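**Student:** prediction below, plus the sequence it came from.
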Amino acid sequence: MSQHVMKPREVPLGGLRAITVRRTLPARDRSFVGAWCFVDHYGPQQVREGNGGGMDVPPHPHTGLQTVSWLFEGEIEHRDSGGVVGMVRPGEVNLMTSGAGICHCEVSTPATEVLHGVQLWVALPDADRDTVRGFEHHAAVPVDLPDGAGVARVFLGSIKNVSDSPVHTFTPLLGAQLDLAPGAKITLALDPAFEHGVLLDTGGVSVGDTELEFGDLFCQDEGPTSLDLQAGDEGARLILIGGVPFEEEILVWWNFVGRSHGEIEQFRAEWEAGGDRFGKVPGYAGQVDRIPAPALPGVRLRPRNRRGKRTA
């Protein structure tokens, strides 16, 4: 069994009023946790007028993935080319399925003073990556953990003997927020077929013998049947993710998930041409109508496997 901790790196999120996110996945030596292929963690960030004016990410495209939006604080309006208008609020998951292509925008609401949350991507398996666009919303009911250890909100999949979610995914997955009480110790039952990751948002926590720092992502391979968590004196808030190992090779470039350099070239060309693959977002009222794709690098892009190794 392999275990390691991935440290976050700061990345500016695109848009006129960008925010900086802490990205832990993908990393050089690990591409996935299950089918989770992208982990961004941001805030708490003041976004009132005079402090950047909030989040405003104009329409931008996606292929071959599902986006999972989860907030701890604040509110974001989501609009997409499937005609969906939805609000992202704390404790309520929004899952958007790109299928063969979608575009969407994300704008914080005027009442939002602080933004704090995670943006996660799930790679669609090859058999399903050209599925139709979709959107699901689910308010995760808070459930008490055993022995007063805290509260869990399961937004994807299930935690044995705790809670589960009705949201549809194309591979077996787990996603949950855990709020641990000060000094709490808990052993969570795991599905041994899953890889797992633990992201520390606030407070302090040890996963087994490993103490995490703010923004760290602890990862472990499939095999273990339980996970030992020990919260610090101030308690802890965590995101727990998991899934069966994703054995396919994928290529992630900008906002696209594909399988080859040629596919990425095609996706980029269709987005720049305003093609039907992505559609248009109705009702977006920003200063620009879309985010243009960056230039492709001067080298041929190669897909990566689950261990982060590039293939021919």
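**Tutor:** Here it is on my side, so go on.
**Student:** confirm G262 sits in a strand?
**Tutor:** No: membership of G262 in a strand is not supported by DSSP: H, G, I helix; E, B strand; the rest coil, which gives helix.
**Student:** can you get me a residue count around it?
**Tutor:** G262 has 11 neighbouring residues, counting by other Cβ atoms under 10 Å. The way it works is simple: take the backbone N, C-alpha and C, and place the C-beta from them, glycine included.
**Student:** try V132
**Tutor:** Number of residues near V132 (other Cβ under 10 Å) recorded here: 9.
**Student:** checking it next. Helix, strand or coil?
**Tutor:** Once three-state DSSP is applied, V132 turns out coil.
**Student:** go on, F38?
**Tutor:** Classification of F38 by three-state DSSP places it in strand.
**Student:** surely it meets V118?
**Tutor:** No: F38 is beyond contact range of V118, at 10.2 Å (criterion: Cβ atoms under 8 Å).
**Student:** just the helices in the stretch 151-300 of the chain please.
**Tutor:** For the stretch 151-300 of the chain, applying DSSP state H, counting those that start in this stretch gives helices covering 261-272.
**Student:** how far away is V88 from G215?
**Tutor:** To G215, V88 is 21 Å away according to Cβ to Cβ, to the nearest Å.
**Student:** which strand of this protein spans the most residues?
**Tutor:** Ordering each strand of the chain by length in residues (DSSP state E) puts strand 226-243 first.
**Student:** list the buried residues of it.
**Tutor:** 227, 229-232, 235-243 (16 or more other Cβ atoms under 10 Å).
**Student:** note down every partner strand of that strand and its orientation.
**Tutor:** Paired neighbours of strand 226-243 in the sheet (DSSP bridges): strand 173-180 (antiparallel), strand 185-189 (antiparallel), strand 195-207 (antiparallel).
**Student:** name the residues that touch the second one?
**Tutor:** Where contact means Cβ atoms under 8 Å, 6 or more residues apart in numbering, the residues beyond strand 185-189 that reach it are 145-147, 149-150, 159-162, 180, 225-231, 240.
**Student:** can you rerun that using 7 Å?
**Tutor:** Here strand 185-189 makes contact (Cβ atoms under 7 Å, 6 or more residues apart in numbering) with L145, P146, A149, I159, K160, N161, T225, S226, L227, D228, L229, Q230.
**Student:** how close does the first one sit to A181?
**Tutor:** Between L145 and A181 the computed distance is 9 Å (Cβ to Cβ).
**Student:** which one of those two is surrounded by more residues?
**Tutor:** Between L145 and A181, counted using other Cβ under 10 Å, L145 has the larger neighbour count: 21 against 16.
**Student:** where does this structure have low pLDDT?
**Tutor:** 1, 14-18, 48-53, 308-312 (pLDDT under 70).
**Student:** out of everything not next to it in sequence, what's closest to the residue nearest to the spatial centre of the chain?
**Tutor:** Nearest to the mean C-alpha position of the chain, by Cα atoms, centre = their mean, lies L120 at 0.5 Å. Excluding the flanking residues, the one nearest L120 by Cβ to Cβ, 6 or more residues apart in numbering is V68, at 4.1 Å.
**Student:** what's the first helix or strand after the helix or strand encompassing H138?
**Tutor:** H138 belongs to strand 134-139 when assigned by DSSP states H and E. Next in sequence after strand 134-139, counting helices and strands by DSSP H and E, comes strand 143-144.
**Student:** what packs against that following strand?
**Tutor:** strand 150-156 (3 or more Cβ pairs under 7 Å, 6 or more residues apart in numbering; DSSP states H and E).
**Student:** elements contacting the strand holding H138?
**Tutor:** Helices and strands touching strand 134-139, by 3+ Cβ pairs under 7 Å, 6+ apart, are strand 92-97.
**Student:** in its sheet, what does the strand it packs on sit against?
**Tutor:** For strand 92-97, pairing defined by DSSP bridges yields strand 65-73 (antiparallel), strand 134-139 (antiparallel).
**Student:** in a markdown table: these, plus distance to G197 and mean neighbour count.
**Tutor:** Output for the strands paired with strand 92-97, formatted as a markdown table (distance: least, Cβ to Cβ, whole Å; neighbours: other Cβ atoms under 10 Å):
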| stretch | distance to G197 | mean neighbour count |
| --- | --- | --- |
| strand 65-73 | 13 | 23 |
| strand 134-139 | 20 | 16 |
